[in-house]
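Participant: Here you go, sequence then predicted model.
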There are 2 protein chains.
Amino acid sequence: MTSSPIARPVDPPPRLLMGPGPINADPRVLRAMSSQLVGQYDPWMTTTMSETSELYRGVFRTTNEQTFVVDGTSRAGIEAALVSLLEPGDSVLVPVFGRFGHLLTEIAERCGAKVHTIEVPWGEVFAPEVVEQAVRDVRPKVLAVVQGDTSTTMCQPLEDLGEICRRHDVLLYCDATASLGGNPFETDAWEVDVVTAGLQKCLGGPSGSAPITIGPRAVEVIEGRKHVEAGVREAGDVERGVRIASNYLDLAMVMDYWGPRRLNHHTEATTMLYGARECARILLEEGLDAAVARHRLHGGAMLAGVRGLGLEVFGDVAHKMTNVVAVHIPDGIDGDAARAAVLHDYGIEIGTSFGPLHGKVWRIGTMGHNARRDAVLTTLAALEQVLRAGGAPVTAGGGVGAALEVYAA
Amino acid sequence: MTSSPIARPVDPPPRLLMGPGPINADPRVLRAMSSQLVGQYDPWMTTTMSETSELYRGVFRTTNEQTFVVDGTSRAGIEAALVSLLEPGDSVLVPVFGRFGHLLTEIAERCGAKVHTIEVPWGEVFAPEVVEQAVRDVRPKVLAVVQGDTSTTMCQPLEDLGEICRRHDVLLYCDATASLGGNPFETDAWEVDVVTAGLQKCLGGPSGSAPITIGPRAVEVIEGRKHVEAGVREAGDVERGVRIASNYLDLAMVMDYWGPRRLNHHTEATTMLYGARECARILLEEGLDAAVARHRLHGGAMLAGVRGLGLEVFGDVAHKMTNVVAVHIPDGIDGDAARAAVLHDYGIEIGTSFGPLHGKVWRIGTMGHNARRDAVLTTLAALEQVLRAGGAPVTAGGGVGAALEVYAA
């Protein structure tokens, strides 16, 4: 019996998760998620869903009526947006500056879209005029762009893209999974039509719920793809597009489920809803600007700290996300062995990397609940010790010292 | 501030959920879900995933290597199975005996499959020879069938379908969402190729994680649809089918993510994984046969109880699921008003109904953590009181009395 997992309760070891996400959940979020369930159409439940929409309007900085959570991980939110917007044969433009641009490309291809990409080397972002030229050339239905791509730590400036898209009659979709809550994001001011996110980065919750907001231009496109059964057709229902290829991720149905008609769709993932709601409450209690400033402070302290150790930072630091830094692995150090030592000896997780950066950089995050002084300082101290033990020429005390200077400023 | 949801923590009212699901989560499951997160490739995490697979092999009664959870609700599991098995143009046969048969049909249509249905009136199930004749006529690639359809409370016998499917070289997919853990299910003995489920019924957890098991014949079909990037192609990788239309629900990728290659896919919904793991532990500690017997006992007591009140039961009771009963709403009673009174006055939720049964029956569940004497008796007492207050001719004390006789037997 002792060899069987039946005998072993869930009992995770203590970990400080300082990678590119997931990070530790705020204990308040876990407490909220331990609340008992209620029925799907209980008045308390429908009120809680409406309140969750209201809270995420604050998080996304939007007045979009269609603001809710998709019941799946951030990737489910991305796919829901793309499969609901893109019909087979539609043209989509994806500026690729890291791994998650490739993911948008891959998902859009599976939707049957004609995918056009532009690329910059990893560690760079796009100038808006480059994006506009591509929009002009491709004339896509949708411009799909990642805000913060943790694979490179770059944060694509979005301020100008909405206006460009309006001018060319293009829909703008943004994947803000890794950035929302820790980097400025203005859905309405930037005129972004659809935004998706996840809880497991700056929002301080577990993966498994994907906040989304959908503006009126996108709602019209998605509603136009509804195939309404004759019996429930109402005045104003339209049916002109190709039916959405997914039922689970059909945003037309999910909008009717969250909206006043409350049409039955999936069984709400109530525990994840509780978590998503609490993440938004925590963020809005702190204030969105204050939360971004906190991420900037602790991300800045981590950046100063790794440089203070004598390590080199990857990429265009002027366009780095606030909440993650990529650090070149020093010569002579086995990156995976060092990460394993940090985990084993200190219970701290830092991140590996993908694609062209694999084996070359570590990625260190400071986000959500873990964007804190103690988390930054202990990570720098642990990293210093492991690098020293490995024989790397680090500056003794240089990491913690440099971070403390940031905090003292 | 008090008018804003920012000021209001998650604080659900106490409810006893005696509808067709979701039901109350076992408090042990909620406690497991309050555990802190670890990183996705932490050795503890990969062990926990492997243990979860092992536990669900026990729940599904299978030796299938490919046994894991899909990160979404039970509907995500259904769609993952169908979109991964069915290529556009493939033929699928769906025996429809309630609402969830229509759901399988709808999802298969969105996969581009040619969908053939056979139907029986609500409240009945299919004789195996009827299914076999349809298999012979249609020669489908996949037979997709619901085990327990809560919309009618019917439980389709599956014992013979696997053998029929083998004989005709057809894959058998079964949606066991509403039945697994409370009704007999034998994946291997019945030769079912793919089975999906959810936590929110007899497994005693919240919605949001979809256990799935995939047998070797189905694995071969799904693996054949992988589009492997040249750089990571390995000996044995094949590519002959049409690419799966979803990334998030692409079971070929999810198998590689759960399997020994542990290829990165989505960010695990760790809290839901903890919950799914604990649901399986609780069920296997009790013993699957004992859990089915418990559902049969308490479902039988509820059935006797509603009859003892003088109410009429809907459908072919010989083929009823153990865990839910549909009860005709007595003449002169407003079904929704009575349900609201049971909820408001007693904190107990019983279910409404859909389609041809809408307004005609209530659905009362006894499942998972709520398949208990106190839950059955208090529900019968509350129902009696509300029916009396509404002027229905119920037998005084007849509900609780009849249930107690079942327990005394």
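Facilitator: Cool, the structure landed.

Participant: wait, what's in contact with the closest residue to A:Pro216 other than its chain neighbours?
Facilitator: Distances taken as Cβ to Cβ, 6 or more residues apart in numbering or on different chains put A:Asn64 closest to A:Pro216, at 7.6 Å, once the chain neighbours are dropped. C-beta here means a position set from N, CA and C on the backbone, and glycine is covered the same way. Neighbouring residues of A:Asn64 by Cβ atoms under 8 Å, 6 or more residues apart in numbering or on different chains: A:57, A:187-188, A:213-216.

Participant: Narrow the residues you listed to those in helices?
Facilitator: Using DSSP state H to define helices, the subset of the contacts of A:Asn64 located there is A:57, A:216.

Participant: ok, the contacts of A:Asn64 vs B:Gln40, which is closest?
Facilitator: A:Thr213 (26.6 Å; Cβ to Cβ).

Participant: what about A:Ala392, distance to chain B?
Facilitator: Applying Cβ to the nearest Cβ, to the nearest Å, the value for A:Ala392 to chain B is 23 Å.

Participant: what does stretch A:307-317 rub up against?
Facilitator: Contact partners of stretch A:307-317, identified using Cβ under 8 Å, 6+ apart, comprise A:122-125, A:152-154, A:303, A:306, A:320, A:325-328, A:330, A:357, A:360-361, A:380, A:383-384, A:387, A:393-395, A:398-403.

Participant: Now restrict those residues to buried residues only.
Facilitator: With burial judged by 16 or more other Cβ atoms under 10 Å in any protein chain shown, the buried subset of those is A:122-125, A:152-154, A:303, A:306, A:320, A:325-328, A:330, A:357, A:361, A:380, A:383-384, A:387, A:394, A:398-400, A:402-403.

Participant: just checking, what packs against the helix or strand where A:Ala134 lies?
Facilitator: Secondary structure assignment for A:Ala134, by DSSP states H and E: helix A:128-138. Counting contacts by 3 or more Cβ pairs under 8 Å, 6 or more residues apart in numbering or on different chains; DSSP states H and E, helix A:128-138 packs against strand A:91-96, strand A:114-119, strand A:142-146, helix A:161-167.

Participant: mind running it again at 6 Å?
Facilitator: strand A:91-96 (3 or more Cβ pairs under 6 Å, 6 or more residues apart in numbering or on different chains; DSSP states H and E).

Participant: in chain A, which spans are helices?
Facilitator: Counting by DSSP H, the helices of chain A are A:27-33, A:43-60, A:74-85, A:99-110, A:128-138, A:161-167, A:216-223, A:251-258, A:270-286, A:288-308, A:335-346, A:373-389, A:398-408.

Participant: Give the buried residues for the second one.
Facilitator: Neighbour counts over helix A:43-60 (16+ other Cβ under 10 Å) mark A:45-46, A:48-49, A:51-60 as buried.

Participant: coming back round to it: which of the contacts of A:Asn64 are buried? Put it as a PyMOL command.
Facilitator: Those of these that count as buried under 16+ other Cβ under 10 Å are selected in PyMOL with:
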select buried, chain A and resi 57+187+213+214+215
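
Participant: Columns pLDDT on top of the contacts of A:Asn64, output as TSV?
Facilitator: Output for the contacts of A:Asn64, formatted as TSV (pLDDT from 0 to 100):
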residue	pLDDT
A:Arg57	98
A:Thr187	98
A:Asp188	98
A:Thr213	98
A:Ile214	98
A:Gly215	98
A:Pro216	98
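
Participant: Poorly predicted segments of the stretch 251-400 of chain A, please.
Facilitator: Within the stretch 251-400 of chain A, no range satisfies pLDDT under 70.

Participant: By proximity to chain B, which residue of it wins?
Facilitator: A:Ala269 (3.1 Å; Cβ to the nearest Cβ).

Participant: so that residue touches B:Ser209, yeah?
Facilitator: No. Assessed by Cβ atoms under 6 Å, A:Ala269 is found out of contact with B:Ser209, at 8.2 Å.

Participant: okay, those two: which has more neighbours?
Facilitator: It is B:Ser209, of A:Ala269 and B:Ser209, that has more neighbours when counted by other Cβ atoms under 10 Å in any protein chain shown, with 33 against 30.

Participant: didn't A:Glu87 look like it was pressed against A:Ala245?
Facilitator: No. Look at A:Glu87 against A:Ala245 with Cβ under 6 Å: they stay out of range, at 9.0 Å.

Participant: The two: which has the busier surroundings?
Facilitator: Neighbours around A:Glu87 and A:Ala245, counted as other Cβ under 10 Å, are more numerous at A:Ala245. The numbers are 23 against 19.

Participant: shaky segments in the stretch 101-250 of chain A?
Facilitator: In the prediction, the stretch 101-250 of chain A carries residues with pLDDT under 70 at positions A:228-240.

Participant: tell me which parts of it are close to chain B?
Facilitator: A:106-107, A:110, A:200, A:206-208, A:245, A:247-248 (Cβ under 6 Å from any Cβ of the partner chain).

Participant: Identify the farthest-apart pair in these.
Facilitator: Most distant of these, by Cβ to Cβ, are A:Pro206 and A:Ala245, 28.3 Å apart.

Participant: got the residues of the stretch 101-250 of chain A next to chain B as TSV, with distance to B:Ala293 columns?
Facilitator: Listed next are these as TSV, based on distance: Cβ to Cβ, whole Å:
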residue	distance to B:Ala293
A:Glu106	47
A:Ile107	45
A:Arg110	45
A:Gln200	40
A:Pro206	35
A:Ser207	37
A:Gly208	33
A:Ala245	43
A:Asn247	35
A:Tyr248	34
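
Participant: quick one: which of those is nearest chain B?
Facilitator: Of those, the one sitting nearest to chain B (Cβ to the nearest Cβ) turns out to be A:Gly208, at 3.1 Å.

Participant: was I right about that closest one contacting B:Ala269?
Facilitator: Yes. Look at A:Gly208 against B:Ala269 with Cβ under 6 Å: they come within range, at 3.1 Å.

Participant: what touches both of those two?
Facilitator: By Cβ atoms under 6 Å, 6 or more residues apart in numbering or on different chains, A:Gly208 and B:Ala269 have these common neighbours: A:Thr73.

Participant: list the contacts for A:Ser209?
Facilitator: Taking Cβ under 6 Å, 6+ apart as the criterion, A:Ser209 is in contact with A:69, A:199, A:272, A:276.

Participant: so what's A:Ala22 up against?
Facilitator: You called it Ala, but residue A:22 is Pro. Neighbours of A:Pro22 in contact, by Cβ under 6 Å, 6+ apart: A:200, A:207, B:37, B:267.

Participant: Determine which two of those residues are furthest apart.
Facilitator: Maximum distance among the contacts of A:Pro22 (Cβ to Cβ): 10.4 Å, for B:Leu37 and B:Thr267.
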